[in-house]
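Peer 1: I'd like to go over a predicted model; first the sequence, then the structure.
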Amino acid sequence: MSHISTPPKSTAADVAAMHEVYRAGGEERAMAPHVIYQDAECPHPGCHQHMQAIDFRLEAHGRAIHDSLVRAWWADTGFAGQCPACHGWIHFTIRGKRAVTADEAVKLPRLPDTWFEEAVVL
Ligand SMILES: [Zn+2]
């Protein structure tokens, strides 16, 4: 008698657990934030600035900025930066990017104004 087991589908709890393993590993090693988002464009309506895969290259902004933003990234706080095309603020996190207002952005760790010049964005 054979027994065939099918792999269980990922539940939301599994995805959350996987995210936590990934986040904790990155935090432990203080890895440089690289991310590939599902959404290819700037999250502000009507803006078609392409930004899907991002290597923020935070080291280009000096140790203090690098260290605080790397900590914020892996703590799941993320950080805010301005879109180079529409100048709207974007909140970048491990799992997504969203449009935020300037008022919301001031409450978040922020990328330097020149972040887009230093980052590799595909
Ligand atoms: Zn934009």
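Peer 2: Now that the structure is in, tell me what you want to look at.
Peer 1: please count neighbours and contacts with C-alpha atoms only from this point.
Peer 2: OK.
Peer 1: now for the residue nearest to residue 97 when sequence neighbours are not counted, how many residues are close by?
Peer 2: Distances taken as C-alpha to C-alpha, 6 or more residues apart in numbering place residue 91 nearest to residue 97, at 5.5 Å, with adjacent residues excluded. For residue 91, the neighbour count with other C-alpha atoms under 10 Å is 23.
Peer 1: which SSE is residue 91 in?
Peer 2: Assigned by DSSP states H and E, residue 91 belongs to strand 89-92.
Peer 1: could I get the buried residue list for the next helix or strand after that strand?
Peer 2: Going down the chain from strand 89-92, the next helix or strand is strand 97-100, by DSSP H and E. Across strand 97-100, burial judged by 16 or more other C-alpha atoms under 10 Å covers 97, 99, 100.
Peer 1: residues in contact with the nearest residue to the second one once chain neighbours are set aside?
Peer 2: Read it as residue 99. Computed as C-alpha to C-alpha, 6+ apart, the closest residue to residue 99 that is not its neighbour in sequence is residue 90, at 4.7 Å. By C-alpha atoms under 8 Å, 6 or more residues apart in numbering, the contact list for residue 90 reads 42, 43, 80, 81, 82, 83, 97, 98, 99, 100, 105.
Peer 1: what about 10 Å?
Peer 2: When contacts are counted by C-alpha atoms under 10 Å, 6 or more residues apart in numbering, residue 90 touches 42-44, 79-83, 97-102, 104-105, 110.
Peer 1: out of the residues you listed, which end up buried?
Peer 2: The buried subset of those (16+ other C-alpha under 10 Å) comprises 42-44, 79-83, 97, 99-100, 105, 110.
Peer 1: which ones among the residues you listed are found in helices?
Peer 2: residue 105 (DSSP state H).
Peer 1: contacting residues for the residue in the chain that the ion sits nearest to?
Peer 2: Minimum separation of the chain from the ion (C-alpha to the ion) falls at residue 86, amounting to 4.1 Å. Applying C-alpha under 10 Å, 6+ apart, we find residue 86 in contact with 42, 44, 45, 46, 47, 48, 49.
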